[in-house]
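S.K.: Turn this into a structure:
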Amino acid sequence: MQLWMMEQEIMMQQHKSNISENIKHNDLAGLVNSVFSIDQYKSKLGKDENVIVIAFVVMDIEPAQELSQFLETGHDVLDIDVSTGPNEDGHYSVFVEIERDTKSFQKIDVIINDVKRADTEITNPQFTSYEDKSPRNWNEENYTKNVITNSYDYVLKHNPEAKAISERINFLKKY
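M.R.: Numbers count the residues shown, from 1 in each chain. The predicted model follows:
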């Protein structure tokens with residue numbers, strides 16, 4: 001039994017080292033779109049008010065799978081998945097799900113820097129969001145203006161009933 005457990009541990013370590021070695025500096029040159037999206041897709045794992053979904057467009061399935069494996073190591077994410085089929089342009093998406101919280105900008109920024117390391121042709125990353133479909137430069141100011149990082153605010157913004165209840169409660173607080 002101990003021998004089997006040791007063999008399993010060795011296999012797991014080899015598997016981890018293979019994944020981290022899949023992508024080296026600039027291995028995905030020209031294969032990742034410099035515009036990514038935030039909050040334009042539904043969460044697979046949780047409620048949208050608790051999860052931010054980031055989507056990177058990659059030119060083909062193999063590089064998308066490599067990027068997915070690369071991002072799975074060393075990032076504070078809930079899930080990473082590759083689209084099951086290509087979009088209308090024949091490209092694939094890599095979906096990254098993270099918690100919707102005050103640290104989300106920093107988490108995404110670390111991911112973006114790793115993507116830029118894998119594809120150094122991305123010099124000016126931009127993003128689109130649920131709130132604004134036009135590409136914006138990736139920076140904290142634009143992120144704060146266009147992405148809701150608080151679950152409560154997200155529900156109020158996207159659920160008319162919750163917004164109406166909140167407005168009634170605020171009105172009643174005045175009396």
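S.K.: and the closest residue to Ser151 other than its chain neighbours, how many residues sit next to it?
M.R.: Using Cβ to Cβ, 6 or more residues apart in numbering and skipping residues adjacent in sequence, the residue nearest Ser151 is Glu49, 4.5 Å away. C-betas here are computed from N, CA, C, even on glycine. Number of residues near Glu49 (other Cβ atoms under 10 Å) recorded here: 19.
S.K.: quick one, strands of the chain?
M.R.: 35-38, 51-58, 79-82, 92-99, 126-129, 136-137 (DSSP state E).
S.K.: so how far is the fifth one from its chain's centroid?
M.R.: The gap between where strand 126-129 is centred and where its chain is centred comes out at 12 Å by Cα atoms, centre = their mean, to the nearest Å.
S.K.: Quick check: which helices or strands does it pack against?
M.R.: strand 35-38, strand 136-137, helix 140-146 (3 or more Cβ pairs under 8 Å, 6 or more residues apart in numbering; DSSP states H and E).
S.K.: Same check on the second one?
M.R.: For strand 51-58, the contact count by 3+ Cβ pairs under 8 Å, 6+ apart identifies strand 35-38, helix 61-72, strand 92-99, helix 104-118 as packing neighbours.
S.K.: Gln126: which of those is closest?
M.R.: strand 35-38 (4.7 Å; Cβ to Cβ).
S.K.: about what we covered before: just the helices and strands packed on strand 126-129: most buried one?
M.R.: Mean neighbour count (mean count of other Cβ atoms under 10 Å) peaks for strand 35-38 among the helices and strands packed on strand 126-129, with a mean of 21.
S.K.: ok, residues contacting that one?
M.R.: 52-57, 108, 112, 115, 125-130, 135, 143, 146-147 (Cβ atoms under 8 Å, 6 or more residues apart in numbering).
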